[in-house]
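> quick one, what's the 3D model for this:
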Amino acid sequence: MKQLTDITTLEDIKLLVDTFYSKVQKDKFIGPIFNEKIGNRWPEHLEKMYRFWQTILLEEHTYSGSPFPPHKQLPVAKEHFERWMEIFIETTDSLFVGPLAEEAKLRAMNMAEMFNYKIEYFRNVEKN
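Numbers count the residues shown, from 1 in each chain. Coordinates of the predicted model:
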């Protein structure tokens with residue numbers, strides 16, 4: 001069994017992102033939402049995710065933009081974010097161990113909570 005190491009390179013980020021999103025695409029609960037929204041633009045989405053996590057975890061600033069707006073109209077609720085997080089933690093733990101792996105999980109959790117909160121907020125604002 002391979003000794004797990006921490007996330008240290010762009011190759012590690014690509015492994016995490018590719019493994020995670022291949023699980024997401026096949027997931028019965030959240031897969032259809034992602035696949036419908038992204039369609040045939042997966043390569044472009046994954047590329048963006050590499051840059052996003054490279055910027056956050058390796059402090060190599062390759063991502064610019066705002067991550068939230070593309071997600072604003074998604075038909076998701078708290079349980080979708082919980083499933084997303086479950087897959088993210090499971091994927092990270094199966095591939096890496098160390099401070100940056102922990103940081104990745106913490107950042108993902110904060111993002112999931114913020115996205116969920118903002119989506120709910122926008123939904124309520126648009127209703128009223």
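> so how far is Glu102 from Leu4?
12 Å (C-beta to C-beta, to the nearest Å). The C-beta positions use only the backbone N, C-alpha and C, and glycine is treated the same way.
> repeat that for Asp6.
Distance from Asp6 to Glu102, by C-beta to C-beta: 9 Å.
> repeat for Lys118
25 Å.
> quick check: phi and psi on Phe96?
Backbone torsions for Phe96, taken as degrees, to the nearest 10, come to phi -140, psi 160.
> surely it meets Asp12?
Yes - with contact taken as C-beta atoms under 8 Å, Phe96 and Asp12 are classed as touching, separated by 6.9 Å.
> distance from the longest helix anywhere in the chain to the middle of the chain?
Criterion DSSP state H: the longest helix present in the chain is helix 99-127. How far helix 99-127 lies from its chain's middle: 10 Å, per C-alpha atoms, centre = their mean, to the nearest Å.
> quick one: buried residues of it?
Under the neighbour-count criterion of 16 or more other C-beta atoms under 10 Å, helix 99-127 has 100-101, 104-105, 107-108, 111-112, 115-116, 119 buried.
> give me the mean pLDDT for that helix.
Averaged over helix 99-127, pLDDT sits at 90.
> name the residues that touch stretch 68-81?
29-30, 33, 37, 112-116, 118-119, 122 (C-beta atoms under 8 Å, 6 or more residues apart in numbering).
> starting at the chain centroid, how far to that stretch?
Relative to the mean C-alpha coordinate of its chain, stretch 68-81 is positioned 12 Å out (C-alpha atoms, centre = their mean).
> what's the end-to-end length of that stretch?
Distance across stretch 68-81, first residue to last, is 14 Å (C-alpha to C-alpha, to the nearest Å).
> now it: buried residues?
Residues 76, 80-81 are the ones in stretch 68-81 that count as buried (16+ other C-beta under 10 Å).
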